[in-house]
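*Asks:* turn this into a structure:
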Amino acid sequence: MRLRPFEEKDFEVIKDWIPDERGHAMWCANRFQYPLDKNDFLTVLSDMAKKHGDSPYVVTMDDDVPDGFFCYSTNDETKEGMLKFVVVAPYRRGSGIAQEMFRVALSFAFEETKVNAVHLIVFSVNGRAKKFYEKVGFKERKTDHKAFVYKDEHWSRCNMIIRKDQRNGPIRRLPVCMVMIMFAALLLLTGCVSGEGEQKKPGRDLMNEYFQNAGKKASVETIYADVTRPDADRLEMSDYVKGTYRLGKDSYEFWANVETGSIYTSERLMEFGESVLKLQADRLG
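*Replies:* The predicted structure follows:
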């Protein structure tokens with residue numbers, strides 16, 4: 001799954017994801033017109049970017065067609081990120097795509113924007129969504145009763161939060177100094193994880209090829225170059241793509257050189273570090 005900035009063309013895919021008026025109100029608290037209108041949608045996104053620093057994102061698979069959408073902003077004072085307008089394509093619901101989207105979004109929030117927590121708002125009447133957020137690790141922080149009026153209904157507004165140290169399946173990483181030492185040692189003693197490959201192969205393809213050759217049932221979660229640079233398939237010589245991949249319940253970091261095909265992973269570095277510590281223990285008796 002890939003996370004990338006929302007583009008204007010994506011509206012044509014997203015506009016029909018919420019077909020009923022009540023569901024629309026639950027999704028956006030009527031911040032957008034119903035039914036969705038392109039000019040209004042883009043205007044609201046622009047206003048929110050100016051006022052609150054919100055950035056819209058979509059998640060896609062290899063076909064680059066949006067499967068999910070959300071907005072994200074950060075608060076420098078509280079060191080919290082906020083997710084808004086979270087929605088998944090209706091034909092993708094029930095397939096696990098929503099959980100994968102949150103895994104990618106939270107990895108981006110915690111690892112790239114360096115926040116300590118991420119929160120969101122859900123109406124208590126939307127029990128299905130609230131239950132899902134609890135499933136992925138969010139906890140109720142505050143509820144404002146009868147905070148929103150929809151026709152003759154009064155909905156309570158629930159603020160839910162997930163803290164970095166409460167995430168399920170944290171990214172397995174080492175202290176920076178250990179990573180640098182082991183990275184250098186691994187290069188000297190064993191060479192890179194993957195040898196010379198085709199020139200300038202995209203990072204995602206390199207990782208999938210590495211998983212196949214290593215017999216690992218793993219999948220790429222995020223490639224941060226995809227987020228920050230839309231021309232990730234045309235990275236400059238000797239440039240690295242950084243990202244995370246999931247293996248079982250754990251996530252690991254990786255660095256892939258799209259010029260040489262070299263791949264380095266925190267998983268391999270951790271294994272190397274454990275072997276070094278064992279060797280030292282054996283020598284000390």
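*Asks:* tell me how many other residues crowd the nearest residue in space to S266 that is not next to it in sequence.
*Replies:* In this structure, S266 finds its nearest non-sequential neighbour in E253, 4.3 Å apart by Cβ to Cβ, 6 or more residues apart in numbering. For the C-beta atoms, the positions are set from N, CA and C on the backbone; glycine is no exception. Taking other Cβ atoms under 10 Å as the neighbour definition, E253 ends up with a count of 22.
*Asks:* parallel or antiparallel, which strands does the helix or strand encompassing E253 pair with?
*Replies:* In this assignment (DSSP states H and E), E253 forms part of strand 250-257. According to DSSP bridges, strand 250-257 forms sheet pairs with strand 171-172 (parallel), strand 240-247 (antiparallel), strand 263-265 (antiparallel).
*Asks:* give the buried residues for it.
*Replies:* Neighbour-count burial for strand 250-257, counted by 16 or more other Cβ atoms under 10 Å, picks out S251, Y252, E253, F254, W255, A256, N257.
*Asks:* mind checking the strands paired with strand 250-257 for the one nearest to C71?
*Replies:* Closest of these to C71 is strand 240-247, at 21.9 Å (criterion: Cβ to Cβ).
*Asks:* mean confidence score for that closest one?
*Replies:* The average of the pLDDT scores along strand 240-247 is 78.
*Asks:* give me the distance from that strand to the chain's centre.
*Replies:* Offset of strand 240-247 from its chain centre (Cα atoms, centre = their mean, to the nearest Å): 11 Å.
*Asks:* just stretch 16-25 next, same as before
*Replies:* Relative to its parent chain, stretch 16-25 has a centroid offset of 25 Å by Cα atoms, centre = their mean.
*Asks:* what's in contact with it?
*Replies:* Contacting residues not belonging to stretch 16-25 are listed as 27, 30, 32, 34-36, 69, 87-90, 148, 150 [Cβ atoms under 8 Å, 6 or more residues apart in numbering].
*Asks:* among those residues, which two are most distant?
*Replies:* Farthest pair in the contacts of stretch 16-25, by Cβ to Cβ: A89 and F148, 25.3 Å.
*Asks:* counting neighbours, go ahead and name the busier of the two.
*Replies:* A side-by-side neighbour count of A89 and F148, using other Cβ under 10 Å, places A89 first with 20 against 17.
*Asks:* is the residue nearest to that one when sequence neighbours are not counted part of a helix or strand, or is it coil?
*Replies:* Nearest-residue entry for A89: D67, 5.1 Å, with adjacent residues in sequence omitted and distances by Cβ to Cβ, 6+ apart. Secondary structure for D67, judged by DSSP: H, G, I helix; E, B strand; the rest coil, is strand.
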